[in-house]
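Enquirer: Need the 3D shape of this:
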Amino acid sequence: MSALDASHDAGVLATPTAARAAEAAQAANIAARLERLPLTSYQKGIFAIIATAWFFDSMDLGALTFVLGSIKQTFQLSTAEAGLLSSMSFFGMFLGAASAGVLADKFGRSKVFQVSMIFWGLGSLFCGLSTTATMLGASRFLLGFGMGMEFPVAQSMVSEIMPAEKRGRYIAFLEGFWPIGFIASGLLIYFVLQVSDWHTVFLLQAIPAVFVLVIRRFVPESPRWLAAHGHSDRAEQVMQEIENKVKARLDGKPLPPAVPQMVLVSSEKATIGTLFSGIYAKRTTMLWGLWFFALLGFYGLTTWLGALLQAKGFPVTKSVFYTIMISLAGIPGFLFSAWLVEAWGRKGTLVLNLLGGATASYFYGHAVDQTQLVVAGLCMQFFLFGMWSALYAYTPELYPTAVRATGTGFASAIGRIGSLIGPYVIGVILPAAGQGGVFALGAGAFVIAALSVLLLGEETKGRTLESISH
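Expert: Next up, the predicted model:
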């Protein structure tokens, strides 16, 4: 059988060259074999490793929400200087996300996934050892760079391993480890601050980096990526290993038959330019607007939650307690979104959470008593952490395998520009606009993000990655 015939049988659309046709034929074959695999403890184990790293990343990044007020007092920072310090993590995340996406598409998901841990661990360690605001800012930059590297790679890996009918839910579950990590960070800090200071918090949070770096070695390379980049032998080897491990967990029962997948063949390799051509141009425009305004609003508000509570007269430990309590609503928020992205769809879930978050943010900023503050805060975190789950489920689905991490990484990087600007802008305008003005600004950003999805987004629920790419 010729390469042309083989690609036709595998469901490939066009065959400009025999080499590209053969490559696409294998990509279609790998996709079909991955999609037919029953979900077992093996795939769940891979997910658990990725989610564990996500959890500890959340603890490190979220720590600043709880200790920013203390750091501000330690170094006698102005509100603008404190905002600039909190923005350093997001500047690192911007560079990390932009570079890691390209590197993961060129060198593989697994390698970049492991390298990110080194930057994260060192950044957290140096935060704990910081004796000046400048050193702390540089350490937060290093920490953010490692986290920024991880996000697009982790999203791509989960989306490429999970079958279509489970993909959105598991990526939403992945993001759910973010509020859990955030809450765990708050609990850790609540107890540590009663016996020590913020330096100890960062030193303790550097320890898990070693553990996660070791267990990450058990995560296989994505066979979809290997096939899309012409590594035929390696793709087949990894695919067979995955199939054998799934079979072992099925007590040797035969796997279901593979259903042919459609893979688009092009005479040119996918590059960064692919993000701005054909059907991907509209998707990129939508995602960049969504990520920028969603993260500007989220991090602009969340980073300052503890400090704003202190400004209302709450002591440090009391503000930490209230921030933890408010954040608890993020757990049912992400669980609700994890169900809704498959029951209703990605697009509707995103719009609902963004508009809900905008409304709750506005009322949080204008609360006149403690009860209103807590109720509005609970609603705000419910919708905003739900927004994160839908956002991470949606983004990697919109690009083909060859540029999935690149597209996801650049969308995340644009979002990090928003998260970089948000905390600093709020630190500057807070003295003039007050808390009401600050949260009204955040609400407006969420509305713009919702409009981007509503007007330019397309639904991907229940579709394979290959069908979405056409």
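
Enquirer: quick one, phi/psi of the residue nearest to Gly407 when sequence neighbours are not counted?
Expert: Ranked by Cβ to Cβ, 6 or more residues apart in numbering and with sequence neighbours excluded, the top spatial neighbour of Gly407 is Tyr399, at 3.6 Å. (Each C-beta comes from the backbone N, C-alpha and C, glycine too.) Main-chain dihedrals, Tyr399, degrees, to the nearest 10: phi -130, psi 150.

Enquirer: just Glu458 next, same as before
Expert: The phi/psi pair for Glu458 (degrees, to the nearest 10) reads phi -130, psi 150.

Enquirer: can I assume Gln73 sits in a helix?
Expert: Yes. Under DSSP: H, G, I helix; E, B strand; the rest coil, Gln73 sits within a helix.

Enquirer: Could you report the distance from Gly186 to Val425?
Expert: Gly186 sits at a distance of 24 Å from Val425 (criterion: Cβ to Cβ, to the nearest Å).

Enquirer: any idea which helix or strand comes after the helix or strand bottoming out on mean pLDDT in the chain?
Expert: Lowest mean confidence among the helices and strands of the chain (mean pLDDT, DSSP states H and E): helix 3-9, at a mean of 38. Next in sequence after helix 3-9, counting helices and strands by DSSP states H and E, comes helix 18-35.

Enquirer: which parts of that next one are buried?
Expert: In terms of neighbour count (16 or more other Cβ atoms under 10 Å), helix 18-35 has its buried residues at 20-35.

Enquirer: still on that earlier bit, okay, Gly186 and Val425: which has more neighbours?
Expert: Of the pair Gly186 and Val425, Gly186 is the one with more neighbours under other Cβ atoms under 10 Å, namely 24 against 18.

Enquirer: element containing the residue lying closest to that one once chain neighbours are set aside?
Expert: Closest residue to Gly186 apart from its sequence neighbours, by Cβ to Cβ, 6+ apart: Ile324 at 3.8 Å. Assigned by DSSP H and E, Ile324 falls within helix 316-327.

Enquirer: give me the element the residue nearest the centre of the chain is part of.
Expert: The centre of the chain sits closest to Phe151, judged by Cα atoms, centre = their mean, with a distance of 4.7 Å. Element membership for Phe151, per DSSP H and E: helix 133-161.

Enquirer: Tell me which other helices or strands that helix touches.
Expert: helix 41-74, helix 79-107, helix 109-129, helix 164-192, helix 223-228, helix 404-456 (3 or more Cβ pairs under 8 Å, 6 or more residues apart in numbering; DSSP states H and E).

Enquirer: Using CSV, write out every CA atom in the helix or strand Leu355 falls within.
Expert: Following DSSP H and E, the helix or strand that holds Leu355 is helix 346-365. The C-alpha trace of helix 346-365 is given here as CSV (Å, rounded to 0.1, in the frame of the first residue of the first chain):
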residue,chain,number,x,y,z
ARG,A,346,-16.8,25.6,27.2
LYS,A,347,-18.2,28.8,25.7
GLY,A,348,-21.3,29.1,27.9
THR,A,349,-19.4,28.1,31.0
LEU,A,350,-16.8,30.8,30.5
VAL,A,351,-19.3,33.6,29.8
LEU,A,352,-21.4,32.6,32.9
ASN,A,353,-18.4,32.6,35.2
LEU,A,354,-16.9,35.8,33.9
LEU,A,355,-20.2,37.8,34.2
GLY,A,356,-20.9,36.2,37.6
GLY,A,357,-17.4,37.2,38.7
ALA,A,358,-17.8,40.7,37.4
THR,A,359,-21.1,41.2,39.4
ALA,A,360,-19.7,39.7,42.6
SER,A,361,-16.5,41.8,42.3
TYR,A,362,-18.5,45.0,42.0
PHE,A,363,-20.5,44.2,45.2
TYR,A,364,-17.4,43.1,47.1
GLY,A,365,-15.8,46.5,46.5
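
Enquirer: same for it, what does it pack against?
Expert: Here helix 346-365 touches helix 279-302, helix 330-343, helix 370-394, helix 404-456, going by 3+ Cβ pairs under 8 Å, 6+ apart.

Enquirer: low pLDDT regions in the stretch 351-470 of the chain?
Expert: Low-confidence segments of the stretch 351-470 of the chain, defined by pLDDT under 70: 470.

Enquirer: Name the spans of the stretch 51-200 of the chain whose pLDDT lies under the cut-off.
Expert: In the stretch 51-200 of the chain (pLDDT under 70), no residue qualifies.

Enquirer: how about stretch 155-175: buried residues?
Expert: Quick answer for stretch 155-175 (16+ other Cβ under 10 Å): 155-162, 164, 167-175.

Enquirer: Stretch 212-228 too?
Expert: 212-213, 216, 219-228.

Enquirer: Just the residues contacting it, thanks.
Expert: Applying Cβ atoms under 8 Å, 6 or more residues apart in numbering, the contact partners of stretch 212-228 are 23, 26-27, 29-31, 34, 45-46, 49-50, 52-53, 56, 105, 108-110, 113-114, 117-118, 121, 156-157, 160-161, 234-235, 238-239, 241-242, 400-402, 465.

Enquirer: The residue nearest to the centre of the chain and Ala413 touch, don't they?
Expert: No. Using Cβ atoms under 8 Å, Phe151 makes no contact with Ala413, being 9.7 Å away.

Enquirer: so what sits against both of the two?
Expert: Residues touching both Phe151 and Ala413 by Cβ under 8 Å, 6+ apart: Met93, Ala97.

Enquirer: ok, back up a step: which residues touch the residue nearest to Gly186?
Expert: Ile183, Gly186, Leu187, Tyr190.

Enquirer: Please pick the buried ones from those.
Expert: With burial judged by 16+ other Cβ under 10 Å, the buried subset of the contacts of Ile324 is Ile183, Gly186, Tyr190.
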